[in-house]
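Trainee: I'd like to go over a predicted model; first the sequence, then the structure.
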Amino acid sequence: MTDKFGVRPVFYSLKVAPGEDRYANLMLLLDALAEKDRPVRKLATVEPPASAPGPVDPNDPNKRQFGEQAERNGRRLTARPLKQAGDWVRFELVVKATDERPIRGRVEFHLHPTFDEPVVRVTADNGSASFVGMSYGAFTVGVALDGGETRLELDLAFHPDFPVGWRQR
(Lines give C-alpha, C1' and ligand atoms only; values in the text may rest on other atoms or scores of the structure.)
Protein backbone atom coordinates (compact mmCIF):
# COMPACT_ATOMS: atom_id res chain seq x y z
CA MET A 1 0.00 0.00 0.00
CA THR A 2 2.92 2.33 0.65
CA ASP A 3 4.08 2.16 -2.97
CA LYS A 4 0.65 2.32 -4.56
CA PHE A 5 -1.23 4.73 -2.30
CA GLY A 6 1.47 6.32 -0.13
CA VAL A 7 -0.16 4.87 2.99
CA ARG A 8 1.52 2.55 5.48
CA PRO A 9 -1.04 0.11 6.92
CA VAL A 10 -1.11 -0.39 10.68
CA PHE A 11 -2.73 -3.43 12.26
CA TYR A 12 -3.68 -4.21 15.81
CA SER A 13 -4.67 -7.41 17.54
CA LEU A 14 -8.30 -8.18 18.33
CA LYS A 15 -7.25 -11.16 20.44
CA VAL A 16 -8.05 -10.35 24.04
CA ALA A 17 -8.62 -12.25 27.25
CA PRO A 18 -12.22 -12.95 28.31
CA GLY A 19 -13.74 -9.90 29.96
CA GLU A 20 -11.25 -7.43 28.42
CA ASP A 21 -12.29 -4.62 26.11
CA ARG A 22 -11.80 -5.96 22.57
CA TYR A 23 -10.56 -2.52 21.44
CA ALA A 24 -7.96 -2.11 24.19
CA ASN A 25 -5.13 -2.80 21.75
CA LEU A 26 -6.55 -0.20 19.35
CA MET A 27 -6.47 2.41 22.09
CA LEU A 28 -2.84 1.52 22.86
CA LEU A 29 -2.00 1.88 19.19
CA LEU A 30 -3.77 5.24 18.86
CA ASP A 31 -2.08 6.52 22.02
CA ALA A 32 1.29 5.43 20.65
CA LEU A 33 0.67 7.22 17.36
CA ALA A 34 -0.42 10.42 19.13
CA GLU A 35 2.45 10.48 21.65
CA LYS A 36 5.55 8.96 20.10
CA ASP A 37 7.74 9.86 23.10
CA ARG A 38 5.55 7.97 25.57
CA PRO A 39 6.65 4.37 26.35
CA VAL A 40 4.11 1.92 25.01
CA ARG A 41 3.38 -1.69 25.84
CA LYS A 42 4.23 -4.01 22.94
CA LEU A 43 1.10 -5.15 21.14
CA ALA A 44 0.41 -8.84 20.76
CA THR A 45 0.84 -10.31 17.31
CA VAL A 46 -1.61 -12.92 16.15
CA GLU A 47 -0.62 -15.26 13.35
CA PRO A 48 -3.43 -16.90 11.41
CA PRO A 49 -3.21 -20.70 11.36
CA ALA A 50 -1.31 -22.06 8.35
CA SER A 51 -4.47 -23.69 7.05
CA ALA A 52 -6.61 -20.53 7.13
CA PRO A 53 -7.78 -19.94 3.57
CA GLY A 54 -6.92 -16.66 1.91
CA PRO A 55 -8.87 -14.73 -0.70
CA VAL A 56 -9.83 -16.80 -3.75
CA ASP A 57 -7.92 -16.06 -6.95
CA PRO A 58 -10.41 -16.57 -9.81
CA ASN A 59 -7.59 -17.63 -12.17
CA ASP A 60 -6.09 -20.08 -9.66
CA PRO A 61 -8.84 -20.96 -7.16
CA ASN A 62 -6.78 -23.42 -5.07
CA LYS A 63 -4.09 -20.82 -4.34
CA ARG A 64 -3.97 -19.97 -0.61
CA GLN A 65 -6.81 -22.42 0.13
CA PHE A 66 -4.73 -25.36 1.42
CA GLY A 67 -2.24 -23.65 3.73
CA GLU A 68 0.44 -22.63 1.18
CA GLN A 69 2.82 -25.41 2.26
CA ALA A 70 3.82 -28.50 0.32
CA GLU A 71 5.07 -30.18 3.50
CA ARG A 72 3.24 -30.39 6.80
CA ASN A 73 2.32 -32.90 9.51
CA GLY A 74 4.80 -35.54 8.30
CA ARG A 75 3.53 -35.42 4.71
CA ARG A 76 5.06 -33.95 1.53
CA LEU A 77 3.48 -33.12 -1.84
CA THR A 78 5.83 -33.22 -4.84
CA ALA A 79 5.36 -32.79 -8.58
CA ARG A 80 7.43 -33.66 -11.60
CA PRO A 81 6.98 -33.27 -15.32
CA LEU A 82 6.88 -36.59 -17.17
CA LYS A 83 6.64 -35.54 -20.80
CA GLN A 84 5.99 -32.44 -22.88
CA ALA A 85 3.83 -32.70 -26.01
CA GLY A 86 3.68 -29.33 -27.73
CA ASP A 87 2.24 -26.87 -25.22
CA TRP A 88 0.94 -29.66 -22.97
CA VAL A 89 2.82 -31.24 -20.07
CA ARG A 90 2.11 -34.64 -18.58
CA PHE A 91 2.91 -34.52 -14.84
CA GLU A 92 2.85 -36.65 -11.73
CA LEU A 93 1.78 -35.52 -8.25
CA VAL A 94 2.92 -37.64 -5.29
CA VAL A 95 2.15 -37.46 -1.58
CA LYS A 96 4.59 -39.33 0.67
CA ALA A 97 5.24 -39.51 4.39
CA THR A 98 8.27 -37.75 5.84
CA ASP A 99 7.99 -39.60 9.14
CA GLU A 100 7.22 -43.18 10.18
CA ARG A 101 3.44 -42.83 9.64
CA PRO A 102 2.55 -44.12 6.16
CA ILE A 103 -0.11 -42.43 4.05
CA ARG A 104 -3.34 -44.41 4.40
CA GLY A 105 -6.90 -44.11 3.19
CA ARG A 106 -8.33 -41.59 0.80
CA VAL A 107 -6.27 -38.70 -0.60
CA GLU A 108 -7.96 -35.87 -2.51
CA PHE A 109 -6.04 -34.01 -5.22
CA HIS A 110 -7.70 -30.65 -5.96
CA LEU A 111 -6.81 -29.58 -9.50
CA HIS A 112 -7.72 -26.52 -11.55
CA PRO A 113 -11.48 -26.34 -12.31
CA THR A 114 -10.76 -26.60 -16.04
CA PHE A 115 -9.97 -30.31 -15.55
CA ASP A 116 -12.82 -32.68 -16.40
CA GLU A 117 -12.49 -34.03 -12.86
CA PRO A 118 -11.15 -31.17 -10.69
CA VAL A 119 -11.19 -33.23 -7.48
CA VAL A 120 -9.56 -36.63 -7.84
CA ARG A 121 -9.87 -39.11 -4.98
CA VAL A 122 -7.32 -41.90 -4.80
CA THR A 123 -6.62 -44.56 -2.20
CA ALA A 124 -3.12 -44.61 -0.79
CA ASP A 125 -1.04 -47.59 -1.85
CA ASN A 126 2.21 -48.75 -0.21
CA GLY A 127 2.30 -45.67 2.01
CA SER A 128 1.91 -43.03 -0.71
CA ALA A 129 -0.64 -41.62 -3.15
CA SER A 130 -0.15 -40.33 -6.67
CA PHE A 131 -1.97 -38.83 -9.63
CA VAL A 132 -0.86 -38.43 -13.24
CA GLY A 133 -2.46 -35.73 -15.37
CA MET A 134 -1.92 -33.47 -18.34
CA SER A 135 -2.23 -29.70 -18.42
CA TYR A 136 -1.81 -26.75 -20.79
CA GLY A 137 -0.53 -24.48 -18.02
CA ALA A 138 0.47 -24.21 -14.39
CA PHE A 139 -1.96 -24.10 -11.48
CA THR A 140 -1.97 -24.60 -7.72
CA VAL A 141 -2.59 -28.14 -6.50
CA GLY A 142 -4.35 -28.66 -3.18
CA VAL A 143 -4.31 -31.98 -1.34
CA ALA A 144 -6.43 -33.13 1.60
CA LEU A 145 -5.59 -36.32 3.49
CA ASP A 146 -5.58 -37.87 6.96
CA GLY A 147 -9.35 -37.40 7.14
CA GLY A 148 -8.96 -33.71 6.24
CA GLU A 149 -6.49 -33.07 9.07
CA THR A 150 -3.59 -32.48 6.67
CA ARG A 151 -3.83 -29.99 3.81
CA LEU A 152 -0.96 -29.44 1.39
CA GLU A 153 -0.51 -26.92 -1.40
CA LEU A 154 1.93 -26.64 -4.30
CA ASP A 155 1.93 -23.87 -6.91
CA LEU A 156 3.28 -25.42 -10.10
CA ALA A 157 3.92 -21.94 -11.58
CA PHE A 158 7.00 -21.71 -9.32
CA HIS A 159 8.25 -25.27 -9.80
CA PRO A 160 11.65 -25.06 -11.54
CA ASP A 161 11.45 -28.52 -13.14
CA PHE A 162 8.53 -27.53 -15.38
CA PRO A 163 9.02 -25.65 -18.69
CA VAL A 164 9.04 -21.86 -18.31
CA GLY A 165 6.41 -21.27 -21.03
CA TRP A 166 4.05 -23.76 -19.39
CA ARG A 167 4.59 -22.18 -15.96
CA GLN A 168 3.66 -18.74 -17.34
CA ARG A 169 0.30 -19.90 -18.77
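Mentor: Thanks, I have the structure now.
Trainee: check which helix or strand Q84 maps to.
Mentor: In this structure, Q84 sits in strand 75-85 according to DSSP states H and E.
Trainee: quick one: strands adjacent to that strand?
Mentor: Sheet pairing of strand 75-85 (DSSP bridges) gives strand 71-72 (antiparallel), strand 88-97 (antiparallel).
Trainee: can I get those in JSON lines with mean neighbour count?
Mentor: Every C-beta, even on glycine, is put in place using the N, C-alpha and C of the backbone. Converted to JSON lines, these look like this (neighbours: other C-beta atoms under 10 Å):
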{"stretch": "strand 71-72", "mean neighbour count": "16"}
{"stretch": "strand 88-97", "mean neighbour count": "18"}
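Trainee: count the residues that sit near the residue nearest to Q65 when sequence neighbours are not counted.
Mentor: The shortest distance from Q65 to any non-neighbouring residue, by C-beta to C-beta, 6 or more residues apart in numbering, is to P53 (4.7 Å). Here the number of neighbours of P53 (other C-beta atoms under 10 Å) works out to 15.
Trainee: OK, contacts around P53?
Mentor: 64-66 (C-beta atoms under 8 Å, 6 or more residues apart in numbering).
Trainee: neighbours of P61, just the number please.
Mentor: Residue neighbour count, defined by other C-beta under 10 Å, stands at 16 for P61.
Trainee: distance of the nearest residue to it once chain neighbours are set aside from Q65?
Mentor: Leaving aside its chain neighbours, P61 sits nearest to P113 (6.2 Å; criterion: C-beta to C-beta, 6+ apart). Distance of P113 to Q65, computed by C-beta to C-beta, to the nearest Å: 12 Å.
Trainee: fine by me, thanks again.
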